[in-house]
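Engineer: Just a sequence and a predicted model for now, questions to come.
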Amino acid sequence: QVQLVESGGGLVQAGDSLRLSCAASGGTFSTRSMGWFRQAPGKEREFVAVSDWRGTIKNYADFVKGRFTIIRDNSKNTVYLQMNSLKPEDTAVYFCAAGAFSNFWNGGSMDYWGKGTLVTVSS
């Protein structure tokens, strides 16, 4: 059974850093793009970042460019989201997903989703 399991969320202060992890199991992820979405309270889920299967082509939402970095380790079937200079508006549940590269930002469907990890940034 395919599973994506996120970890690393928590409560931090504005300006702090946090690293999220997403471990994939039960399937072939080395040829799939993997990335992150987030959903803040009362808002729709939105795209954050995606990495192609090689880990060389990446795309980011404008609101995280220069602050967040997506890192992929296919030897561990894991994708990371390094988040620096966190802001209160980054507070959200962060979801890991696997699917086609362009679907991450064009509204297309994902093949798999994790259950999410909560990030809370206090001011």
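Structural biologist: The structure has been received and is ready for your questions. Residues are numbered from 1 along each chain as shown.

Engineer: For the chain, which element, helix or strand, carries the lowest mean pLDDT?
Structural biologist: Ranked by mean pLDDT, DSSP states H and E, the weakest helix or strand in the chain is helix 103-106, scoring a mean of 92.

Engineer: helices and strands around it, which ones?
Structural biologist: For helix 103-106, the elements it packs on are strand 33-39, strand 46-51, judged by 3 or more C-beta pairs under 8 Å, 6 or more residues apart in numbering; DSSP states H and E. Placement of C-beta: from N, CA and C, glycine included.

Engineer: How far away from the center of its chain is stretch 5-24?
Structural biologist: Relative to its chain's centre, stretch 5-24 lies at 10 Å (C-alpha atoms, centre = their mean, to the nearest Å).

Engineer: Keeping just the C-alphas, turn it into PDB.
Structural biologist: The C-alpha coordinates for stretch 5-24 follow below in PDB (Å, rounded to 0.1, in the frame of the first residue of the first chain):
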ATOM      1  CA  VAL A   5       4.200  10.200   5.800                       C
ATOM      2  CA  GLU A   6       5.100  13.700   6.800                       C
ATOM      3  CA  SER A   7       7.000  14.700   9.900                       C
ATOM      4  CA  GLY A   8       8.800  17.700  11.300                       C
ATOM      5  CA  GLY A   9       6.000  20.100  12.000                       C
ATOM      6  CA  GLY A  10       5.700  22.100  15.200                       C
ATOM      7  CA  LEU A  11       5.400  25.400  16.900                       C
ATOM      8  CA  VAL A  12       8.100  28.000  16.100                       C
ATOM      9  CA  GLN A  13       8.600  31.700  16.300                       C
ATOM     10  CA  ALA A  14       8.700  34.200  13.400                       C
ATOM     11  CA  GLY A  15      12.200  34.100  11.800                       C
ATOM     12  CA  ASP A  16      12.900  30.500  12.900                       C
ATOM     13  CA  SER A  17      13.600  27.600  10.600                       C
ATOM     14  CA  LEU A  18      12.000  24.200  10.300                       C
ATOM     15  CA  ARG A  19      12.600  21.200   8.100                       C
ATOM     16  CA  LEU A  20       9.700  19.000   7.100                       C
ATOM     17  CA  SER A  21      10.200  15.400   5.800                       C
ATOM     18  CA  CYS A  22       8.100  13.200   3.700                       C
ATOM     19  CA  ALA A  23       8.900   9.500   3.600                       C
ATOM     20  CA  ALA A  24       7.400   7.400   0.800                       C
END
